[in-house]
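Q: fold the stuff below for me.
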Amino acid sequence: MTHLFFFLTVALYSCATAAYLACLVRTSPLLTRWAGRMLAAGFTAHLLSTIHLASKMKYLPLTNMQESLSFFSLAIVGGFIFFERKYKVTTLGSFITPVALMMLLASSSLHAEARQLPPVLQSNWFWIHALLAFASYACFTIAAGVAVMYLIQRYFLKTKHLGALFQKLPSLETMDEISYRCLTVGFPLLTVAIISGSIWSEQAMGSYWVWDHKQTWSLIIWFIYAALLHGRLTIGWRGKRAAILSIFGFIVVLFTFLLMKHSIVW
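A: Coordinates of the predicted model:
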C-alpha cells in the first residue's frame, strides 16, 4: 500500500509540475485549476503514504536520507499549497513544485533497509526537533522560490522588458510580503527546533551543545536567517538584498541537508 501511494504521488507531482511550468507559457483558468487539483491530490497520496509507512514502522519515517527527502518534499508541497491559496500566486508553483518533485525522485532512487530504531532516536525530543526543522526548511524553500521570482521581475522592470512572463509574475510588493511571512514563520520554527535538538542532545550525549557538524551548521543557518530578519525589521532590508540573502540561506540549508552526513535532523 505504501508503494502504491508513493508511485501515485510521483505521477501526480509530475503532472502538476508539468502543468505549473506550462502556466509560464500559456495561462488559462482550466490549466491553473487542474495544476492545483493534481498537486492537492498528490499531497494527499503523499500524506497517506507517509502515514501508512509510519504505522508499519511504528515511528515517523525521518531516520535516513530516503525517508527525509520524501518528508522534505511533503513539507514543501504542504507549505506551498497554503501560500498559494492565501496569496493566489499560481506562478510560484512553477518554481516550487520542480524542487519538491526532484526531492521525491531522489528519495525513490535510494534504498534503505528496514532496521530497528537506534536508542538515540527513541526520544520524543528527536521527533519534535525533526518535525520543526522540516517545517522551517519548507518555509525557507518557498522564500527562496519567491526570491528567484522577485529578482526576475525586478530585472524585467529595470530593463523595461514587460513581456508575457512579466505579466504572469506577481507584483514586487506581493512577493516581498510572501517572503517576509515565510521568514516570520520559518525562523521561530528553526529556533524551537534548535532548542529541542539541544534537549535531545543532552538526553542522548549528556551535553546540550557538543559542537558537532549538525549543531554547528544549524547555528550557521540560524545566524543567516536571524541577520535577514533583523535587517528587515531594523534597517528596512527589502528587495534585491533580502532576496539574495534568502537564496543564499536556502543554499546553505540544502548543503547541510544533502552534503553533510550528519545534518540537523539526524
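Q: where in the stretch 51-200 of the chain is pLDDT low?
A: For the stretch 51-200 of the chain, residues meeting the criterion pLDDT under 70 lie at 112-115.
Q: mind running it again at 90?
A: Residue ranges of the stretch 51-200 of the chain with pLDDT under 90: 53-65, 87-90, 108-127, 157-171, 176, 197, 200.
Q: which residues in it form helices?
A: 65-87, 93-109, 124-159, 164-168, 172-205 (DSSP state H, counting those that start in this stretch).
Q: how about the ones you listed, which one is nearest Gly249?
A: Smallest distance to Gly249 across these (C-beta to C-beta): 6.1 Å, for helix 124-159. For the C-beta atoms, the positions are set from N, CA and C on the backbone; glycine is no exception.
Q: OK, contacts around Ser198?
A: Listed by C-beta atoms under 8 Å, 6 or more residues apart in numbering, the contact partners of Ser198 are Tyr208, Trp209, Gln215.
Q: hmm, try it at 10 Å
A: By C-beta atoms under 10 Å, 6 or more residues apart in numbering, the contact set of Ser198 is Trp125, His129, Ser207, Tyr208, Trp209, Val210, Gln215, Ser218.
Q: what number of residues lie near the spatially closest residue to Val120 that is not a sequence neighbour?
A: Excluding the flanking residues, the one nearest Val120 by C-beta to C-beta, 6 or more residues apart in numbering is Ala204, at 4.6 Å. For Ala204, the count of nearby residues is 17 (other C-beta atoms under 10 Å).
Q: now the one 5 residues further on
A: With neighbours defined by other C-beta under 10 Å, the count for Trp209 comes to 14.
Q: for it, give its distance to Val253.
A: Distance, Trp209 to Val253, using C-beta to C-beta, to the nearest Å: 20 Å.
Q: with Gly78 instead?
A: For Gly78, the distance to Val253 - C-beta to C-beta - is 17 Å.
Q: what do you get for Leu8?
A: 28 Å.
Q: hmm, back to that, and Gly78 and Val253? which has more neighbours close in?
A: Per other C-beta under 10 Å, whichever of Gly78 and Val253 has more neighbours is Val253, with 27 against 16.
Q: was I right to think the more buried one contacts Thr141?
A: Yes: taking C-beta atoms under 10 Å as the definition, Val253 is a contact partner of Thr141 at 7.7 Å.
Q: any common contacting residues for those two?
A: Phe72, Gly186.
Q: isn't the residue nearest to Val120 right up against Trp125?
A: Yes: judged on C-beta under 10 Å, Ala204 makes contact with Trp125 at a distance of 8.8 Å.
Q: domain assignment for the chain?
A: As assigned by automatic domain parsing, the chain contains the domains 1-113, 118-266.
Q: distance from the chain centre to the first one, please.
A: Average the C-alpha atoms of domain 1-113, do the same for its chain, and the two points are 11 Å apart (C-alpha atoms, centre = their mean, to the nearest Å).
Q: could you do the longest one as well?
A: Taking the mean of its C-alpha atoms, domain 118-266 sits 9 Å from the chain's own mean (C-alpha atoms, centre = their mean).
Q: what about Met103, how many residues nearby?
A: When neighbours are counted by other C-beta under 10 Å, Met103 comes out with 25.
Q: what sits against the nearest residue to it once chain neighbours are set aside?
A: Nearest residue to Met103 in three dimensions, chain neighbours excluded: Ser73, at 4.1 Å (C-beta to C-beta, 6+ apart). With contacts defined as C-beta under 10 Å, 6+ apart, Ser73 is in contact with 9-10, 13, 42-43, 46, 97, 99-107, 138, 141.
Q: weed out the non-buried ones from those residues.
A: 9-10, 13, 42-43, 46, 97, 99-101, 103-104, 106-107, 138, 141 (16 or more other C-beta atoms under 10 Å).
Q: tell me which of those is nearest to Phe187?
A: Nearest member of those to Phe187, counting by C-beta to C-beta, is Ala138, at 12.9 Å.
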